[in-house]
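# Next input, structure requested:
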Amino acid sequence: MRLTYLAHACFLLEADGKRIVFDPYKWRAFEGAVGYDRVNVSADVVLLSHQHDDHAGVAEVKGDFQVFDSPGEYEVGGLKIKGIASHHDPEGGRLRGSNVVFVVSDGSRSVAHLGDQGWVDPKLIRELAQVDVVLLPIGGTYTIGPREAMELVQQLPAPKVFVPMHYKTPKLGFPIKTLDDFLSLAEGIEVVRAGKSELDISSLEMVGKKIIVLEMAR
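Numbers count the residues shown, from 1 in each chain. I've put the predicted structure just below:
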């Protein structure tokens, strides 16, 4: 498994000969507030946590691909994909609607993408207990914020790797928190700044809890 952080909440996961794109953003969405370069990658599968333009820019992805955007269990080649129903806010979706957390497994390692998860849900904690890598929104306002994200980190059992996503950068005009706002709360947890956009999940040493910061490729 190899993970590439494209930008915002968009990742490319290469596993078992398949290319999976999580939450591609629409280029220049929200009147240009999403200022990252185009996604511009090919895929076999596109997974959408919800239908907002910064997460559902399907037209930005190349190739003949399948799209999954609902809770359920799917299989593509040797990969198992599970969509878990969740909410975009702590009021059962009444404020911002529903969200789907996707877990992808190749039988050896697993990755969960939390989309725009809006609260620390005890049921979701149980669902993620055995997941190896969690792609974690941290910016707040539209998702869990730094404190809630760190609460989730603390509650999930080790071993576990967390990759922060969906936070404020110079290319994003949303009123959300920064990466440093989150990392400042990481007392007692190892933080690794990878200095690149790619992560070889297959070769990760799974010991304890670790936050790995990936650079955005876009």
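
# From here on, just use CA atoms for contacts and neighbour counts.
OK.

# Could you pull out the helices in the chain for me?
29-32, 122-127, 146-155, 179-183 (DSSP state H).

# Could you say which of these is packed most deeply?
With neighbours defined as mean count of other C-alpha atoms under 10 Å, those peak in mean count at helix 146-155, which reaches a mean of 19.

# what's that one packed up against?
Helices and strands touching helix 146-155, as assessed by 3 or more C-alpha pairs under 8 Å, 6 or more residues apart in numbering; DSSP states H and E, comprise helix 179-183.

# I would like the residues contacting the helix it packs on, please.
Contacts with helix 179-183, where a contact means C-alpha atoms under 8 Å, 6 or more residues apart in numbering, come from I138, G139, G145, P146, R147, A149, M150, P164, Y167, K168, V191.

# Which single one of those residues is nearest to T4?
P164 (12.7 Å; C-alpha to C-alpha).

# isn't the closest one right next to G139, touching?
No - if you go by C-alpha atoms under 8 Å, P164 and G139 don't touch, sitting 9.2 Å apart.

# Of the two, give the one with the bigger neighbour count.
Each of P164 and G139 has its neighbours counted (other C-alpha atoms under 10 Å); G139 has more, 27 against 24.

# Next, the contact list for the more buried one, please.
G145, P146, M165, H166, Y167, K168, I176, K177, T178, L179 are the contacts of G139 under C-alpha under 8 Å, 6+ apart.

# so what pLDDT did E91 get?
With respect to pLDDT, E91 scores 63.
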